[in-house]
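[1] Quick one: sequence plus predicted model below, questions after.
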Number of protein chains: 2
Amino acid sequence: MISYQEMSKEQLLAEQENLKNAYQEFQKKGLTLNMSRGKPSADQLNLSMSMLDILKKDDILIDESGTDTRNYGLLDGIPEAKRLFSQVLNVKPEEIIIGGNSSLNMMYDTVSRAMFFGFVDSEKPWKDYSNIKFLCPVPGYDRHFAICELFGIDMIPIPMTSTGPDMDLVEKYVAEDETVKGIWCVPIYSNPQGITYSDETVRRFACMKTAAKDFRIFWDNAYNVHHLTDTPDTLLDLFQECKKIGTEDRVLMFASTSKISFPGAGIASFAASVRNLEYIKKQMSIQTIGFDKIKQLRHVKFFQNLAGIEAHMQKHRAILQPKFDVVLEALDRELAPLKIANWNKPNGGYFISLDTLDGCAKRVISLCKEAGVEMTPAGATYPYGKDPHDSNIRIAPTYPPVEELKQAVELFCICVKLASVEKLLK
Amino acid sequence: MISYQEMSKEQLLAEQENLKNAYQEFQKKGLTLNMSRGKPSADQLNLSMSMLDILKKDDILIDESGTDTRNYGLLDGIPEAKRLFSQVLNVKPEEIIIGGNSSLNMMYDTVSRAMFFGFVDSEKPWKDYSNIKFLCPVPGYDRHFAICELFGIDMIPIPMTSTGPDMDLVEKYVAEDETVKGIWCVPIYSNPQGITYSDETVRRFACMKTAAKDFRIFWDNAYNVHHLTDTPDTLLDLFQECKKIGTEDRVLMFASTSKISFPGAGIASFAASVRNLEYIKKQMSIQTIGFDKIKQLRHVKFFQNLAGIEAHMQKHRAILQPKFDVVLEALDRELAPLKIANWNKPNGGYFISLDTLDGCAKRVISLCKEAGVEMTPAGATYPYGKDPHDSNIRIAPTYPPVEELKQAVELFCICVKLASVEKLLK
């Protein structure tokens, strides 16, 4: 097989004809498939069903502190939940807050509070600057970018490399501009590329000089126990690296059980230095009396400890790995020889990131949609939805059953080919 | 028995001696009792225990819209929960959002969003005024006031009357000053007085002219199904009154099951006009993907419908009414003849509000504390914690068991008498 770049115009036209026919065959099937969001499948949700009635109507629901978990109180969570999730994030129990059902909500609230009240080391609330900026490694997570956009925080795209964000650029921006206040990071199995930051990248985050006294790294550990292989990536511990040199106040870590137990009915956690948390808890105590402690107890009883979570994640892996294999095998078989796309083979996380030829991503997504396969909108992985190369596509293989996924990715490959041929014929 | 006001100095000194002895007897008992917060008792929490395992590990958890409640989605709640709580608040299902575990959190978020983004009819975000103001009926709920204080919103105290806030004053402020942006109301069984707003008060809220286009009434229905007698108060429906004349955008209604099922593990709701909600949901969709739908399903299965909630509230009443009786009987017996205090006899809610002679409240609370009985801090029912008369005390009789409550209120009466005698001897 020769690559599209090597084909003559006649060969491309013939290929286009074949692809159109194949595409039309798919359209006739009337598919409605979805590879758009990082949602667990029903099989994965079934793994946690015994959590539903793990607490019985005759149980005593007193926590280790002697608090009745059914009543008001304990803003930052029950001790046993703080212990469990402090293991997940490798922090001390006093360095963690157990929140509601959504780490996204905790990140939003953290930005919202910073806008209004600043952080413990802020000279003034962030809203009192004429404008502030966040560094946004790209491609990245659309919901992070949406928070910045809502609050009018300017976003500066930072290209991702195979070892994490381009740290030369990061260091330059944070050193020169005190209105650069934060950066969004998914440091292990990044969304969407599945890249894990190298030790050097993490150390540079810990050491870098920041013009802003109150610069913050939003360290979104969305996938830190979400491995897909026997040789998982490992991430150097940023918080511990920072502690060695006294920069730990710059780190805010988030995690949740949304992709461990139930999305929406899981629990979120937020870890940071005691100095950060003491300041934030004063404001949080005005927002709420506390989160759902019964759900916290449910999770602790179900998982017991970090080993329990890790064993549970192996069951997720058994469901997810074949799905990633289906997609990667199809991409290797259908697209690799044609040299029209590049993609990653992640060791964990929820996504495969694919780059088409420049200017083809929107067309691919649109072709998929018209044949009944919903993909993440093109551009979603960039601030303001604007991918300057119109090339990045996020593939989310977790939700559909394997048989549906096979069809969806087969169609997807046809669409990538079609869009590429169109582009080369222009 | 003669009143303290009629006593001679000698009689007061003799009374003081007796009271000191009685007080010291109490101190020797080493009590640790708490009448400080509106918390349900363990007996009340036991009423909802079967909710814990009402969903079983083999259940299908698909809601009426076909959504898997275990997965992401449905920002504003599952249809059956919206239907149930739309009955509680007498709105249409499309006029309600089912939130997380805390109506306080929904109120905080609503103020926070208004500060940053304004409402649908705002000329600009509230933060862009040099200062804005909220009307605060007093005595009122400390957590409402704390939200204003955190966001730097000036608070204007409005005296409560037996029919609700002083509406002459309310109308004057909202008509004259466009920076008066909101008012906090607990319209039925108000916190702390247990007052229910009269029909005329409600109608005046619906009709009043406001200088601000985006004035909002925060209508906190904390106790709208929390009756204590066979002849409960009834509240005219503000939202429906407003709809008659087209002012419904000014109403924001909040409720939760914190004092119906479990505080912290209940569900909160927020109702308003579709125009308000559409605007707010756009911002909410950046904050979270959705709240805990499994918990929503649990509540719906447990309560079924409004009649189910009302029947459940009768069980709460059976536990609470005797506690209110214990306190009211003691106050009648010990304090009424002495003419040193006034208090309410509420038909519902969670509190009894008592006014001492001017300048005595702090002293009473301090005396109680030194004898082992924790009360709500004096001043808490006023903005900035400042009761200009130092006279209002909020009594929360719900949490302690009856036997403890009897002791606590006996001590309380001694403390009120002691502080009054001290005051009269000055």
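    Perfect, I can see it now. Numbering: from 1, shown residues only, chains lettered A, B, ... in the order given.
[2] Name the residues of stretch A:110-126 that are buried.
    Within stretch A:110-126, the residues that count as buried by 16 or more other C-beta atoms under 10 Å in any protein chain shown are A:110-120, A:122, A:126. All C-beta atoms are positioned from the backbone trio N, CA, C, and that covers glycine.
[3] Any figure for the gap between A:Thr201 and B:Glu6?
    82 Å (C-beta to C-beta, to the nearest Å).
[4] rewinding a little: ok, so of the buried residues of stretch A:110-126, who is nearest B:Lys417?
    A:Phe117 (44.3 Å; C-beta to C-beta).
[5] Would you confirm that that closest one contacts A:Gln283?
    Yes: with contact defined as C-beta atoms under 8 Å, A:Phe117 reaches A:Gln283; the gap is 5.9 Å.
[6] between the two, what contacts are shared?
    Jointly contacting A:Phe117 and A:Gln283 under the rule C-beta atoms under 8 Å, 6 or more residues apart in numbering or on different chains are B:Leu150.
[7] Return the set of buried residues in stretch A:194-211.
    A:194-198, A:201-206, A:208, A:210.
[8] what is the mean pLDDT for that stretch?
    For stretch A:194-211, mean pLDDT rounds to 98.
[9] could you dump that stretch to PDB, C-alpha only?
    The C-alpha trace of stretch A:194-211 is given here as PDB (Å, rounded to 0.1, in the frame of the first residue of the first chain):
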ATOM      1  CA  GLY A 194      -2.500  10.100  27.400                       C
ATOM      2  CA  ILE A 195       0.900  11.600  28.000                       C
ATOM      3  CA  THR A 196       2.500  11.400  31.400                       C
ATOM      4  CA  TYR A 197       4.700  14.200  32.500                       C
ATOM      5  CA  SER A 198       8.400  13.300  32.800                       C
ATOM      6  CA  ASP A 199      10.300  13.600  36.000                       C
ATOM      7  CA  GLU A 200      12.100  16.500  34.600                       C
ATOM      8  CA  THR A 201       8.900  18.300  33.700                       C
ATOM      9  CA  VAL A 202       7.600  17.800  37.200                       C
ATOM     10  CA  ARG A 203      10.800  19.000  38.800                       C
ATOM     11  CA  ARG A 204      10.700  22.100  36.600                       C
ATOM     12  CA  PHE A 205       7.200  22.800  37.800                       C
ATOM     13  CA  ALA A 206       8.400  22.600  41.400                       C
ATOM     14  CA  CYS A 207      11.400  24.800  40.900                       C
ATOM     15  CA  MET A 208      10.300  27.400  38.300                       C
ATOM     16  CA  LYS A 209      10.400  31.100  39.400                       C
ATOM     17  CA  THR A 210       7.000  32.700  39.100                       C
ATOM     18  CA  ALA A 211       6.500  36.500  38.900                       C
END
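[10] How far off centre is it?
    Offset of stretch A:194-211 from its chain centre (C-alpha atoms, centre = their mean, to the nearest Å): 18 Å.
[11] counting contacts, what elements does the helix-or-strand element of chain A with minimal mean pLDDT pack onto?
    Lowest mean confidence among the helices and strands of chain A (mean pLDDT, DSSP states H and E): strand A:33-35, at a mean of 92. For strand A:33-35, the elements it packs on are strand A:373-375, helix A:402-425, judged by 3 or more C-beta pairs under 8 Å, 6 or more residues apart in numbering or on different chains; DSSP states H and E.
[12] Helices of the stretch 151-300 of chain A, residue ranges please.
    Assigned by DSSP state H, counting those that start in this stretch, the stretch 151-300 of chain A shows helices spanning A:167-176, A:199-207, A:238-245, A:274-287, A:293-303.
[13] just the ones you listed: most buried one?
    helix A:293-303 (a mean of 23; mean count of other C-beta atoms under 10 Å in any protein chain shown).
[14] average pLDDT for that one?
    98.
[15] In TSV, list the helices of the stretch 151-300 of chain A along with distance to chain B.
    TSV is the format used below for the helices of the stretch 151-300 of chain A (distance: least, C-beta to the nearest C-beta, whole Å):
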stretch	distance to chain B
helix A:167-176	24
helix A:199-207	26
helix A:238-245	25
helix A:274-287	4
helix A:293-303	4
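[16] Is it possible to get those helices out as JSON lines so that each row also shows distance to A:Asp142?
    Listed next are the helices of the stretch 151-300 of chain A as JSON lines, based on distance: least, C-beta to C-beta, whole Å:
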{"stretch": "helix A:167-176", "distance to A:Asp142": "20"}
{"stretch": "helix A:199-207", "distance to A:Asp142": "22"}
{"stretch": "helix A:238-245", "distance to A:Asp142": "23"}
{"stretch": "helix A:274-287", "distance to A:Asp142": "25"}
{"stretch": "helix A:293-303", "distance to A:Asp142": "27"}
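[17] is it true that A:Ser102 touches B:Ile286?
    No: assessed by C-beta under 8 Å, A:Ser102 is found out of contact with B:Ile286, at 11.8 Å.
[18] Now do the residue nearest to A:Ser420 when sequence neighbours are not counted against A:Val416, distance only.
    Of all residues not flanking A:Ser420 in the chain, A:Ile340 sits nearest, at 4.1 Å (C-beta to C-beta, 6 or more residues apart in numbering or on different chains). Separation of A:Ile340 from A:Val416 (C-beta to C-beta) stands at 7 Å.
[19] Common neighbours of the two, please.
    What both A:Ile340 and A:Val416 touch, as defined by C-beta under 8 Å, 6+ apart, is the set A:Thr356.
[20] So for the two, which residue has more residues nearby?
    Between A:Ile340 and A:Val416, counted using other C-beta atoms under 10 Å in any protein chain shown, A:Val416 has the larger neighbour count: 27 against 21.
[21] so what's the more buried one up against?
    A:335, A:340-341, A:354, A:356, A:360, A:364 are the contacts of A:Val416 under C-beta under 8 Å, 6+ apart.
[22] Write the ChimeraX selection for whichever of those are buried.
    To isolate the buried ones among the contacts of A:Val416 in ChimeraX, judged by 16+ other C-beta under 10 Å, type:
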select /A:335,340,341,354,356,360,364
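[23] Please narrow the contacts of A:Val416 to those residing in helices.
    Residues of the contacts of A:Val416 located in helices (DSSP state H): A:Val364.
[24] got a markdown table for the contacts of A:Val416, with distance to A:Asn276 too?
    Supplementary listing: those in a markdown table, determined by distance: C-beta to C-beta, whole Å:
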| residue | distance to A:Asn276 |
| --- | --- |
| A:Leu335 | 45 |
| A:Ile340 | 47 |
| A:Ala341 | 42 |
| A:Leu354 | 37 |
| A:Thr356 | 41 |
| A:Cys360 | 44 |
| A:Val364 | 42 |
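[25] So the residue in the stretch 301-426 of chain A that chain B sits nearest to: helix, strand or coil?
    Residue nearest to chain B within the stretch 301-426 of chain A: A:Tyr399 (8.5 Å; C-beta to the nearest C-beta). The three-state label given to A:Tyr399 by DSSP: H, G, I helix; E, B strand; the rest coil is coil.
[26] which residue packs closest to it, ignoring adjacent ones?
    A:Lys39 (4.4 Å).
[27] Okay, that neighbour and A:Tyr350: tell me how far apart.
    Separation of A:Lys39 from A:Tyr350 (C-beta to C-beta): 9 Å.
[28] the more surrounded of the two?
    Neighbours per residue (other C-beta under 10 Å) separate A:Lys39 from A:Tyr350, with A:Tyr350 holding more: 26 against 22.
[29] interface residues of the stretch 201-350 of chain A facing chain B?
    A:258, A:262-265, A:283, A:286-295 (C-beta under 8 Å from any C-beta of the partner chain).
[30] near chain B, from the buried residues of stretch A:110-126?
    Answer for those near chain B (C-beta under 8 Å from any C-beta): A:112, A:115-117.
[31] thinking again about what came up before, got a markdown table for the contacts of A:Val416, with pLDDT too?
    Formatted as a markdown table, those follow (pLDDT from 0 to 100):
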| residue | pLDDT |
| --- | --- |
| A:Leu335 | 98 |
| A:Ile340 | 97 |
| A:Ala341 | 98 |
| A:Leu354 | 98 |
| A:Thr356 | 98 |
| A:Cys360 | 98 |
| A:Val364 | 98 |
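[32] Perfect, that will be all.
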